[in-house]
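Peer 1: Generate a structure from the sequence data that follows.
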Amino acid sequence: MYDTPPSKASRRSDVDPFRAMDVMAAANRMIAAGRDVISLAVGQPSAHVPRVVADTVSDFLGKGRVGYTDALGRVGLRTRIARHYAETYGVDVSPDRVMVTTGSSAGFNLAFLTAFDVGDRVAIATPGYPAYRNILKALGIEPVEIPVGPEDDYILSAGALARVHRETPIQGVLIASPANPTGTVTPPEELKRLVEFADEGGIVFVSDEIYHGLAFGPETSSALQFTNRAIVVNSFSKYYCMTGWRIGWLVLPPHLVRPAERVGQSLYISAPELSQVGAEAVFGATEELEGIKLGYERNRALLSEALPTLGFRDIAPIDGAFYAYATIPDGFGDASEFARHLLETALVAATPGLDFDLQRGHRTMRLSYAGDPAEIAEAVNRLRAVPGLGG
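Peer 2: Just a heads-up that it's a prediction; the model follows:
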């Protein structure tokens, strides 16, 4: 035993919890105890990995060796990702600008570490994905949160960004389209204005495109259609149904490729080779993936119809991703209490809005419709039976 006090946690680790993960943990404990919980809490596809991925990875494992790759990733996968931009967006991207990452989470780490210095200011929309704010803070970068809401369809405009920049200059901006938690898609003409404003002002533009492929009507554009200076973050987790494989990618401007490679060599060595093999194969699974997307569309239609009748208000445009974001019904306390109430009484898990908006999130909630359509339909039936909802 030692009498000296324990060492303290670092100031950089003092970030908010990811409440969606806390809700998932609570739901998992109930499931382990035999309760029939349906989770609308986490943005994770319920579909199995596409068959071609399983077969290709099985064949690769049969060769008996899985090892490190270059820090930038396997050449075959990087080349296939570059081809994806030509096929999908008509954009010529060199494989030399592509870096394979351990999920988009590592992609954000590498993007922020190579593009910004301690003390730099990076604008993000709120409500927004909490990891943006938390990673930036942990790295000593200041997140500048710009509120968006029903009055502007939850879209951060170039005009709003310009006003913030005039007040106190920013060094970067991160735009997600489709967005988490709102599901909104930034229209191509607005994305172009945002990119041009950033380029003209020497502001680093980071484009979160991890929900591309999951838009239901509005056109989804890549920032690379308007500039070669942006940092694009993408992932195989969402449209491609490979969450647990922890595999994503960056498209970097040429001057940041070597810095990102150097940092990646020390932080991660490389993304998992087996996941890279599966990721290259998944580009051949479009028919299967589009079938899974049809299930999301059915879920989306069901929630779009049901939520207003249950008393939810200010529902964000459910344009893409697989989320509905709304103000909770009147008659309930804050969203955290409401989430606990739904879990206990309806066995339905959902995420309180404080994850995404520290100022207004106590009255909002995100519901994920990434699950099986039968499960989502049952979840809606359970919500209708909660006293005070749907009455």
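Peer 1: Helix, strand, or coil at F205?
Peer 2: strand (DSSP: H, G, I helix; E, B strand; the rest coil).
Peer 1: Identify the bridge partners of it.
Peer 2: Under the criterion DSSP bridges, F205 forms beta bridges with V173.
Peer 1: I'd guessed it sits against A230; true?
Peer 2: Yes: using C-beta atoms under 8 Å, F205 is in contact with A230, at 4.4 Å. Glycine gets a C-beta too; all of them are placed from N, C-alpha and C.
Peer 1: any shared contact partners between these two?
Peer 2: 195, 198, 223 (C-beta atoms under 8 Å, 6 or more residues apart in numbering).
Peer 1: in the stretch 201-350 of the chain, which spans are strands?
Peer 2: If DSSP state E, counting those that start in this stretch is used as the criterion, the strands of the stretch 201-350 of the chain fall at 204-208, 231-235, 248-251, 323-327, 348-349.
Peer 1: who touches the shortest one?
Peer 2: Identification of contacts with strand 348-349 by C-beta under 8 Å, 6+ apart yields 23-24, 26-27, 37-41, 339, 342-343, 379, 382-383.
Peer 1: Following element in sequence after it, please.
Peer 2: Using DSSP states H and E, the next helix or strand after strand 348-349 towards the C-terminus is strand 351-352.
Peer 1: quick one: L77 and L302, what's the gap?
Peer 2: In this view, L77 and L302 are 36 Å apart by C-beta to C-beta, to the nearest Å.
Peer 1: higher neighbour count, these two?
Peer 2: Ranked by neighbour count (other C-beta atoms under 10 Å), L77 and L302 place L77 first, with 27 against 16.
Peer 1: How about that one, nearest residue that isn't a chain neighbour?
Peer 2: Counting by C-beta to C-beta, 6 or more residues apart in numbering, L77 lies nearest to E280, which is 4.4 Å off, once chain neighbours are set aside.
Peer 1: now the helices for the stretch 101-250 of the chain?
Peer 2: 103-115, 130-138, 158-167, 188-201 (DSSP state H, counting those that start in this stretch).
Peer 1: do you know which of the ones you listed lies nearest L252?
Peer 2: L252 lies closest to helix 103-115 among these, at 7.9 Å (C-beta to C-beta).
Peer 1: Could you look up the SS state of V380?
Peer 2: Here V380 is recorded as helix under three-state DSSP.
Peer 1: That one contacts A306, correct?
Peer 2: Yes: the criterion here is C-beta under 8 Å, and V380 meets it with A306 at 4.8 Å.
Peer 1: Need the winner for burial among the strands of the stretch 201-350 of the chain.
Peer 2: Mean neighbours per residue, mean count of other C-beta atoms under 10 Å, is largest over those for strand 248-251, with a mean of 28.
Peer 1: Can you list the low-confidence ranges for this protein?
Peer 2: Low-confidence segments of the chain (pLDDT under 70): 1-6, 390-391.
Peer 1: what's the single longest helix in it?
Peer 2: Taking DSSP state H as the criterion, the chain has its longest helix at helix 286-309.
Peer 1: Just the buried residues of it, please?
Peer 2: The neighbour-count check on helix 286-309 (16 or more other C-beta atoms under 10 Å) flags 288-289, 292-293, 295-296, 299-300, 302-303, 306-307 as buried.
Peer 1: Adding distance to I210, write these out as TSV.
Peer 2: Rendered in TSV, the data for the buried residues of helix 286-309 read as follows (distance: C-beta to C-beta, whole Å):
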residue	distance to I210
E288	19
L289	15
I292	16
K293	15
G295	19
Y296	15
N299	19
R300	18
L302	24
L303	21
A306	26
L307	24
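Peer 1: Name the nearest of those residues relative to A47.
Peer 2: I292 (4.6 Å).
Peer 1: do you know which of the strands of the stretch 201-350 of the chain lies nearest A106?
Peer 2: For the strands of the stretch 201-350 of the chain, distance to A106 was read as C-beta to C-beta. The smallest value, 7.0 Å, belongs to strand 248-251.
Peer 1: Tell me how far the closest one lies from the chain's centre.
Peer 2: A distance of 13 Å separates the centroid of the chain from that of strand 248-251, by C-alpha atoms, centre = their mean, to the nearest Å.
Peer 1: Give the pairing partners of it; include direction for each.
Peer 2: Applying DSSP bridges, strand 248-251 is found paired with strand 98-101 (antiparallel), strand 231-235 (antiparallel).
Peer 1: Including distance to V91, could those go into a markdown table?
Peer 2: Below are the strands paired with strand 248-251 laid out as a markdown table (distance: least, C-beta to C-beta, whole Å):
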| stretch | distance to V91 |
| --- | --- |
| strand 98-101 | 12 |
| strand 231-235 | 10 |
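Peer 1: Any idea which of these gets closest to R313?
Peer 2: strand 231-235 (31.3 Å).
Peer 1: quick one, the closest one and strand 204-208 angle?
Peer 2: Per axes from the mean of the first three to the mean of the last three C-alpha atoms, to 10 degrees, the angle that strand 231-235 makes with strand 204-208 is 20 degrees.
Peer 1: As PDB, could you dump the C-alpha coordinates of strand 231-235?
Peer 2: Included here for strand 231-235 are C-alpha records, laid out as PDB according to Å, rounded to 0.1, in the frame of the first residue of the first chain:
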ATOM      1  CA  ILE A 231     -10.300  16.500 -46.200                       C
ATOM      2  CA  VAL A 232     -13.000  13.900 -46.800                       C
ATOM      3  CA  VAL A 233     -13.800  11.300 -44.100                       C
ATOM      4  CA  ASN A 234     -15.700   8.200 -45.000                       C
ATOM      5  CA  SER A 235     -16.400   4.700 -43.600                       C
END
